[in-house]
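Undergrad: next comes the sequence, and after it the predicted model I'd like to discuss.
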Number of protein chains: 2
Amino acid sequence: MYIGIDLGGTNIAAGLVTDNGELKFQSSLPTKPERGSEDVIKDVIRIIKITVSNIPDNGEELSGIGIGIPGYIISNTDNLVYCVNLGWENVDLKRNIEREFDLPVYIENDAKAAALAEFMVGSLKGTRNSLLITLGTGVGGGIIVNGQLYRGANGEASEIGHMIVGENFYNCNCGKNGCLETFASATALIKYTKKLINDNNEDTIIMDRLKGNLDLLEAKVIIECAQQGDALSLKVVDRFIHYLVIGISNLVNILDPELIALGGGVSKSGGYLLELIDRNIASNDSFRNVRNRRIITAALGNEAGIVGAAMLCKYMNL
Amino acid sequence: MYIGIDLGGTNIAAGLVTDNGELKFQSSLPTKPERGSEDVIKDVIRIIKITVSNIPDNGEELSGIGIGIPGYIISNTDNLVYCVNLGWENVDLKRNIEREFDLPVYIENDAKAAALAEFMVGSLKGTRNSLLITLGTGVGGGIIVNGQLYRGANGEASEIGHMIVGENFYNCNCGKNGCLETFASATALIKYTKKLINDNNEDTIIMDRLKGNLDLLEAKVIIECAQQGDALSLKVVDRFIHYLVIGISNLVNILDPELIALGGGVSKSGGYLLELIDRNIASNDSFRNVRNRRIITAALGNEAGIVGAAMLCKYMNL
């Protein structure tokens, strides 16, 4: 039995996870990162205690705590973490948690933890070379290489969302222009839709759906309106697919994976998106090399973060 | 002692290589791929025999033959090779060579073999996660992951040149638009220079250098004219550097290497190009993540192909 913590910018989610990745108990607290790292860590400790108190009374023992963070462990430091979204620099998360519990604590970047979950108990199980692409507020990913989670020289590998794939009308948070994340995330769908509506005043059923309040726009609405044949939404989704396929093609050329799983919020429109991706690849002879790769939706959904964090405890002791 | 063969579209180059990568004897024959695979293989056998007859009489034994090919081994076949530049499909190179010599024969993609050479006896020696980018007629590469040559699920990994990094005025040989190879190869330098001269009739010292005959244009000339301050050449080299840095940045984001070596013909202008790359990265705050990576020129030059092919024999038995 392990505890997995998915420490996000909005919520601290925790779960009790079995050896084969089953989630037995789940809870969450708001992160409120503006409080600073000390108060956030107090709540991480609090939610671990809540989780511990919910361990079923069947004799199974807790053997580790894994934490997925929206950042990375700074190389050549003793586990200090850096999380731009939380405003954390050189935070000693590991020692702070270990001090409270007599258990090993493992920390990993959240997207890598999600990929580990898919690899150990989800859609990438049994693969040797594969990858998870998460399409959410941003675009992230995790790479499995020779049957192992790939971390890179400094633990900063698989920043798939910041691969430049073209030129875009707005810059990425990272400062660059043309990052995959600015074309193929929920944020990208929303920004481009707003641009089309504001620039050209094009007719779209989106405005009816939102009762005229564009501030309520979500990626889900755009995809649903595209499925209903709305011209503007189709244009937005087409562009999304175009650049997503470029991103996938680049990853295929560099990594030659046997399997690619799509996760994150946007991938919930699974079948529809996969069909559009397949059609885009098939209609474009130049993406020959991508054609033979299996592209699937990820298995674990929102829980990949918690399960992956927990699975770190198992993976690090394999 | 090993024999390394660099089977290219123009020449079949062979060498006698010591255990630590020293090249003791070298020869070459024209490939003339239009003859078909049987005749080319006869010449591969002939050049191996020439090489064997030049083994110094010091008691050292030949323990293997390695061959670098401009293509790849088709997965799930017994070593059949596919080389688009040679017009080869399903060619049983390995068995044809083994039949002639009582020695193990190893085959690998030429760019991966070059990366292996740099990793085992050249600029990437001692690294765990690193990569070679070859800037020649095309753009290729090889990736070292966790101290091993990375092949991918089907041996098709590290096709760095076909990563899409923007939109270009001409399509890549592969059919796609925007491949790194169409921005950052010798061919790309030449095509863009010709375009600028033909489209705008801009003044350039290149025309004097070539005595007005643009057909003689080589990448080297463009880089030399840029170094002399020629405005048109500088524009061409700037664009080359701009997209090369995007390519490097993408690879850093995906692979997080500790070291990046630039090889291939274009990299012979080493110091000048490295300085331009560094300046481009430094002046562009958005390439922060690239700044701490060491980018160097490869050590083995043209010989990387032969040495890498030979080193396959050693690597496969490590």
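TA: Alright, I've got the coordinates.
Undergrad: how near is the residue of the stretch 101-250 of chain A found nearest chain B to A:Thr204?
TA: Relative to chain B, the nearest point of the stretch 101-250 of chain A is A:Gly152 (2.5 Å; C-beta to the nearest C-beta). Backbone N, C-alpha and C define where each C-beta goes, glycine included. Here the criterion is C-beta to C-beta, to the nearest Å. By it, A:Gly152 lies 42 Å from A:Thr204.
Undergrad: residue numbers of the stretch 101-250 of chain A in contact with chain B?
TA: Within the stretch 101-250 of chain A, the positions near chain B by C-beta under 8 Å from any C-beta of the partner chain are A:128-130, A:143, A:145-146, A:148, A:150-160, A:162-167, A:171-172, A:174-178, A:246, A:249-250.
Undergrad: so which of those residues sit within helices?
TA: Among these, DSSP state H puts A:Ile246, A:Ser249, A:Asn250 in helices.
Undergrad: of these - the most surrounded one?
TA: Counting neighbours by other C-beta atoms under 10 Å in any protein chain shown, A:Asn250 leads those with 28 neighbours.
Undergrad: which residue sits closest to that one, ignoring its sequence neighbours?
TA: For A:Asn250, ignoring the flanking residues on the chain, the nearest one in space by C-beta to C-beta, 6 or more residues apart in numbering or on different chains is B:Met163 at 4.5 Å.
Undergrad: state the phi and psi torsions of A:Lys211.
TA: Its backbone dihedrals place A:Lys211 at phi 50, psi 40, with angles given as degrees, to the nearest 10.
Undergrad: also A:Asn109?
TA: With angles defined as degrees, to the nearest 10, A:Asn109 sits at phi -50, psi 140.
Undergrad: list the contacts for it?
TA: A:Gly68, A:Ile69, A:Pro70, A:Gly71, A:Tyr72, A:Ile73, A:Gly155 (C-beta atoms under 8 Å, 6 or more residues apart in numbering or on different chains).
Undergrad: beta partners for it?
TA: With DSSP bridges as the criterion, A:Asn109 is bridged to A:Ile69.
Undergrad: how close does it sit to B:Ile254?
TA: 14 Å.
Undergrad: just give me the neighbour total for the closest residue to A:Cys179 other than its chain neighbours.
TA: Excluding its sequence neighbours, the residue lying closest to A:Cys179 (C-beta to C-beta, 6+ apart) is A:Cys172, at 3.9 Å. Residues lying near A:Cys172 (other C-beta under 10 Å) number 22.
Undergrad: and A:Glu224, how many neighbours?
TA: By other C-beta under 10 Å, 17 other residues sit near A:Glu224.
Undergrad: ok, back up a step: which among the residues of the stretch 101-250 of chain A next to chain B count as buried?
TA: Neighbour-count burial (16 or more other C-beta atoms under 10 Å in any protein chain shown) is assigned, among these, to A:129-130, A:143, A:145, A:150-160, A:162-166, A:172, A:174, A:176-178, A:246, A:249-250.
Undergrad: between the contacts of A:Asn109, which is nearest B:Asn317?
TA: A:Gly155 (31.9 Å; C-beta to C-beta).
Undergrad: touching, that closest one and A:Asn76? I think so.
TA: No. Counting by C-beta atoms under 8 Å, A:Gly155 sits too far from A:Asn76 to count as a contact (10.5 Å).
Undergrad: so which residues of chain A form helices?
TA: Along chain A, the stretches classed as helices by DSSP H are A:37-52, A:93-98, A:110-121, A:181-184, A:186-200, A:206-209, A:219-227, A:231-255, A:270-282, A:288-291, A:304-315.
Undergrad: turn these into JSON lines, including distance to B:Tyr82.
TA: As requested, the helices of chain A are exported to JSON lines (distance: least, C-beta to C-beta, whole Å):
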{"stretch": "helix A:37-52", "distance to B:Tyr82": "52"}
{"stretch": "helix A:93-98", "distance to B:Tyr82": "48"}
{"stretch": "helix A:110-121", "distance to B:Tyr82": "30"}
{"stretch": "helix A:181-184", "distance to B:Tyr82": "31"}
{"stretch": "helix A:186-200", "distance to B:Tyr82": "37"}
{"stretch": "helix A:206-209", "distance to B:Tyr82": "47"}
{"stretch": "helix A:219-227", "distance to B:Tyr82": "39"}
{"stretch": "helix A:231-255", "distance to B:Tyr82": "16"}
{"stretch": "helix A:270-282", "distance to B:Tyr82": "21"}
{"stretch": "helix A:288-291", "distance to B:Tyr82": "12"}
{"stretch": "helix A:304-315", "distance to B:Tyr82": "36"}
